[in-house]
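following is a predicted model, sequence given first.
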Amino acid sequence: MARREDDEVRHLTDIPSLSDADLGEILARAEAIRRGEAPSPFPGSIASIFYEPSTRTEMSFLKAMDLIGAHPLRMLPERSSVTKGESPEETVKTLAAVGARAVVIRTSEPLLPERLKAIGPGIVNAGDGCHEHPTQALLDAATLIEVKGTLEGLRVLIVGDHLHSRVSRSSGRLFVRMGARVRLAGPAELTPPALAEALGAGLAEDLEGELAETDVVMALRIQKERQAIPLVPDLGEYRRVWGITKERFARHPDLLLMHPGPANLGVEVDGEIVDDERSLIRSQVRMGSFIRAAVLGMVGEASI
Ligand code: CP
């Protein structure tokens, strides 16, 4: 998270630039909002641009704006001058001229939010291609803290398409930083050892054996839309080898389940266990609004 000279938060584009102080403050503010404490009001407008589709991230950012009393400027790319070729830079400059103090952006282009930081409004990355999804990582960490009290010593297994996953990168990195023992599992072509090393995570080869040594399993979505060449040609085979099936989940009665959503039900996770009492999937979504309200509040305060 980038800070102003007077030490206020200006942008949130990735996890590595988030200081320990920022991290602690976001989690503390989100927890206070979750408990029902009124967040500081945000006197102004926040724009959102989702160049890529979203349900939970976009809706929870809008809910977050509501929680902090900000006026939402929801720009729909397909009904905007993006269709006439307007660039992200020109779009953000235009939204700033309209009065947006902060801009929430989702894009397929890695590092675009980083590039837009120089323009003026606070930039909040809502997912940039395969690069980062920092508010997802924060809500995932907050969900685990809510249930387990801490990430220190927690054994987390992330299973699936790490190659194309911004969630694996952001959440994996943050979990490790907060003291969890993280391992990545998945097909070799989707689980680069260099990525595991960069995150400070280990590699797991055999799902069944690994689950016996795991407290929390996070299944990742098979991202067909990001695979130019289909790397998972047989989804049934994928489920058999790497899926969190209802049978597998039942064999590990203390295991907790996470998934960032949207899930390919019956592929990486069975639909029957999404609402199991050991599933945190709905809690992750609920936590999203609180985390995003905390982040937007801090970015908004720095923009005044
Ligand atoms: N987890 C996540 O980013 O989901 P959406 O694409 O629905 O926002």
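Here it is on my side, so go on. Residues are numbered from 1 along each chain as shown.

in what helix or strand does whatever residue of the stretch 151-300 of the chain ends up closest to the ligand lie?
Taking Cβ to the nearest ligand atom, the ligand has its nearest neighbour within the stretch 151-300 of the chain at Pro260, 3.9 Å off. Where you see a C-beta, it was placed from the backbone N, CA and C, and this is true even at glycine. Assigned by DSSP states H and E, Pro260 falls within no helix or strand.

neighbours of the closest residue to it other than its chain neighbours, just the number please.
Once flanking residues are discounted, Pro260 sits nearest to Val167: 4.5 Å by Cβ to Cβ, 6 or more residues apart in numbering. The local packing of Val167 (other Cβ atoms under 10 Å) involves 26 other residues.

roughly how far apart are Val167 and Thr83?
Val167 sits 29 Å away from Thr83, going by Cβ to Cβ, to the nearest Å.

and if you look at Glu114?
Remark: distance between Glu114 and Thr83 (Cβ to Cβ) = 25 Å.

these two - which one has more neighbours?
Using other Cβ under 10 Å as the criterion, Glu114 and Thr83 rank with Glu114 on top: 18 against 9.

wasn't the more buried one part of a helix?
Yes - under DSSP: H, G, I helix; E, B strand; the rest coil, Glu114 sits within a helix.

and Arg74, what element?
Secondary structure assignment for Arg74, by DSSP H and E: strand 71-75.

with Asp161 instead?
Element membership for Asp161, per DSSP H and E: none, as it lies in no helix or strand.

enumerate the residues of the protein near the ligand.
Residues of the chain found near the ligand (Cβ under 6 Å from any ligand atom) are Ser54, Thr55, Arg56, Thr57, Gly127, Gln136, Pro260, Gly261, Pro262.

again, 5 Å this time
Ser54, Thr55, Arg56, Thr57, Pro260, Gly261 (Cβ under 5 Å from any ligand atom).

how many residues are close by Thr57?
Neighbourhood size, Thr57 [other Cβ under 10 Å]: 25.

so what's it up against?
The contact partners of Thr57, taken as Cβ atoms under 8 Å, 6 or more residues apart in numbering, are Phe50, Arg106, Ala126, Gly127, His133, Thr135, Gln136, Gly288.

got it, and Gly44?
Gly44 makes contact with Ala70, His71, Gly99, Ala100, Arg101, Gly300, Ser303, Ile304, according to Cβ under 8 Å, 6+ apart.
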